[in-house]
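# Below are the sequence and a predicted model; questions follow.
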Amino acid sequence: MAQAEEKIATEKTELEREIARLKSLEGMEAKSELDLHNRRLASANEDLKRQNRKLEE
């Protein structure tokens, strides 16, 4: 009985670690997507600034 409880506790700990690892990966993926989106917005912003300067000439 004690061995079974110990095994269950060990498995629970391993699962909790795996869940934490997956949440961390999920967070990194979301950050990566936001970074990409921000780079695209910055590029579009620079394009609009160039167009604006050309129109002002």
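Noted; the coordinates are in hand.

# Would you state the helices of the chain in chain order?
2-56 (DSSP state H).

# List the residue ranges of it that fall below the pLDDT cut-off.
Residues of the chain meeting the criterion pLDDT under 70: none.

# go with 90
For the chain, the stretches flagged by pLDDT under 90 are 1-2, 4, 57.

# And for N38, the neighbour number?
Neighbours of N38 under the rule other C-beta atoms under 10 Å: 10. All C-beta atoms are positioned from the backbone trio N, CA, C, and that covers glycine.

# do the same with R40
So R40, with other C-beta under 10 Å, has 10 neighbours.

# gap between it and L34?
According to C-beta to C-beta, to the nearest Å, R40 and L34 sit 11 Å apart.

# and if you look at G27?
Distance from G27 to L34, by C-beta to C-beta: 11 Å.

# One more: A9?
In terms of C-beta to C-beta, A9 sits 38 Å off from L34.
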